[in-house]
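J.: no FASTA, just this:
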C-alpha cells in the first residue's frame, strides 16, 4: 500500500471518528439533567423506548439523527429535531418508529420537527411500512408557530397523512406516553389503535389552565384527559398501560398479529460479503475532493462477492452502469467515475481524455438507457454520487449536452423502481439532480462524511462571490489590495465550506443520514426490504423526449 493510501485512510477514519462523536452528542437529546428528570417521573427516554420496542440484536437505521444541528441556537437548539425516527424490526416485522424526545423543549414541535415527522410518514407511505408513534409532546413551539402551523408542508399535513395512510391500509399505532395537547391530540386518535400510559399520559385539546381561562371550568389535567378518562369515559383510547414498558409490550403483541404483506417481488438470493475488504474504502477515497480515484474499487467493496456485470463498459466512461447484488438483493448501480479515462467515439470528442466526475453526452445517454432497462427488469437502482456537474463548453453544447442531460433527468424522474442514493463525494449543481438528489424521490438518501452538497465547490463559488464583492467595494471607492483580496476570499470560502458540509445538509434533512461507509450495505439492504412491501403499480414511461 502506498503512502497516499495511508494518508487517505487516516483522514477518512478521522472523519468517521468525528461522526461517532457527533452521534453520541445528539443521542443525549436535551442533556443528562433532563434525562434524569424524565427518569424521576418513571418515564423512559425516546431512544430507550425505541430500543426496548425493537427486536434485540436486529439491525436498525436512524433517519435524521442530525436534524436541527446548529439551528435555532437563539431558542436553545433542537437536537435531532426533538424527535427520534428509526427503521427496525418488531417481532420480525419491519416497521418505522417515531418517538418525541421530551428532553428537548418538552417534545415541542420546531419547524424541523415537522419536516422530520413528514419525512418519516413519507417513508411509511412509499414503502407501505407499519408506523408506530410514541407520543410525548407539548405541541407546537409557540415562538416559531408561524413556521410550523399553517402551510402545506407544516404541522397539519401530519394528520392529513394519517388519513391517507389509513385509506391505504398502512398500520398506524400510537402510544401516548406523556403530553399530547391541542392539534397534536388528533395524531394518536387518527391512528388505527391508540394506547395511553396511566398517570403520565394525557390527551386534550386544551389543558386545565386554558379551560379555566376559556370557559371558567376548574378541573385537573388527569380528570380532564388522563388514561382512566379516555379508556373508561370518552372511549378515545383503546388500551391503558401501567407504565412505558407495559405500553411497548402491548404494541409488540399487536404487531405480532399482523398478517403478511403483498411483495413487490425484487430479486434476492443468499447474501455474500464482498471478497475485497470494505475497510479499504478509507484508503481508496482521497482526502481532497478534487483528487481522482477509481470508483470501480469502491463498488467492489460494496457488492456481494465483489462481482458486477457492467453495461456498456467502453462507452460513456465517466458514468459506470452495472448490475450487482447487495446483501443478496439485485441492484442496478449508476456511479460517477472519478478517475480520468480515455474516450473513443464520444459524441462530443472533446480530446483523448475526459474529466472524472463530469457527466458528458455519452455518459448521460448510457445512464438513461440503463435506468430504462432496470425499470423493465424490476431492479432497484443505487446511485453512487461523486459528481461535479455536466460538461460545459462549445463542443458539449453543440453536441446537445442539455438535451442528453434532460433525458437522464427524465429517466430518473419517471423511474418506478425504488431508488437509493449514496453521496460519496461531490454532489454539485445539476449533477445532483441527474444522479437522483433529494428532489427526485430516492427512497433513502445518505451521505458519507466525505460528502459535499452545493451548487458548486467552495473554491469555485468563493472565486465567483469574491468578484462580486470586490466590484461592490470598488464602486464604493475602496481599493482592494492583494492582501485584502485574500482576506475576503478566505472569509467567503469559510462561510461557503460550512454550507457544503454533509452535516449542514443532514441538519436540514436534505439527506436522511450521515453514515459510516461500512454501513452502506445495511442501509441499502434494509431500504430495498422496505420497498418490497409496496408492489409497483405504475408503468415506466419517459413521456416526450428530444431525441
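T.: Alright, I've got the coordinates. The model shown is predicted, which means the values in this text are computed figures rather than measured ones.
J.: in the stretch 51-200 of the chain, which segments are predicted with low confidence?
T.: 183 (pLDDT under 70).
J.: what about the strands in it?
T.: Residue ranges of the strands in the stretch 51-200 of the chain, as given by DSSP state E, counting those that start in this stretch, are 61-63, 83-90, 93-100, 131-137, 172-181, 193-197.
J.: Just list what the fifth one packs against, helices and strands only.
T.: Strand 172-181 makes packing contacts with strand 131-137, helix 156-168, helix 186-189, strand 193-197, strand 202-204, helix 244-256 when contacts are defined by 3 or more Cβ pairs under 8 Å, 6 or more residues apart in numbering; DSSP states H and E. Just so you know, the C-beta spots here come from the backbone N, C-alpha and C atoms, and that holds for glycine as well.
J.: Ok, which of the strands of the stretch 51-200 of the chain comes nearest residue 40?
T.: Among the strands of the stretch 51-200 of the chain, strand 172-181 comes nearest to residue 40, with 13.6 Å by Cβ to Cβ.
J.: the inter-axis angle of that closest one versus strand 93-100?
T.: Put simply, strand 172-181 runs at 10 degrees to strand 93-100, going by axes from the mean of the first three to the mean of the last three Cα atoms, to 10 degrees.
J.: tell me which residues in strand 172-181 are buried?
T.: For strand 172-181, a neighbour-count test (16 or more other Cβ atoms under 10 Å) marks 172-181 as buried.
J.: from these, which single one is nearest residue 146?
T.: Nearest member of the buried residues of strand 172-181 to residue 146, counting by Cβ to Cβ, is residue 181, at 19.0 Å.
J.: Low-confidence ranges, the stretch 401-547 of the chain, go.
T.: Ranges of the stretch 401-547 of the chain meeting pLDDT under 70: 458, 545-547.
J.: Tell me where it has strands.
T.: Counting by DSSP E, counting those that start in this stretch, the stretch 401-547 of the chain has strands at residues 419-428, 444-447, 452-454, 513-514.
J.: swap in the stretch 201-350 of the chain?
T.: Counting by DSSP E, counting those that start in this stretch, the strands of the stretch 201-350 of the chain are 202-204, 239-241, 308-310, 319-326, 329-336.
J.: For the fourth one, give me every contacting residue.
T.: Read that as strand 319-326. Counting contacts by Cβ atoms under 8 Å, 6 or more residues apart in numbering, the residues outside strand 319-326 that touch it are 269, 271-272, 295-296, 299, 302-305, 307-312, 330-337, 359, 363-364, 366-367, 370, 379, 382, 521, 524-525, 528.
J.: which one is residue 202 nearest to, not counting chain neighbours?
T.: Distances taken as Cβ to Cβ, 6 or more residues apart in numbering place residue 225 nearest to residue 202, at 4.8 Å, with adjacent residues excluded.
J.: neighbours around residue 419, how many?
T.: Residues lying near residue 419 (other Cβ atoms under 10 Å) number 24.
J.: rewinding a little: adding distance to residue 71, write the strands of the stretch 51-200 of the chain out as JSON lines.
T.: JSON lines is the format used below for the strands of the stretch 51-200 of the chain (distance: least, Cβ to Cβ, whole Å):
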{"stretch": "strand 61-63", "distance to residue 71": "17"}
{"stretch": "strand 83-90", "distance to residue 71": "14"}
{"stretch": "strand 93-100", "distance to residue 71": "18"}
{"stretch": "strand 131-137", "distance to residue 71": "19"}
{"stretch": "strand 172-181", "distance to residue 71": "23"}
{"stretch": "strand 193-197", "distance to residue 71": "31"}
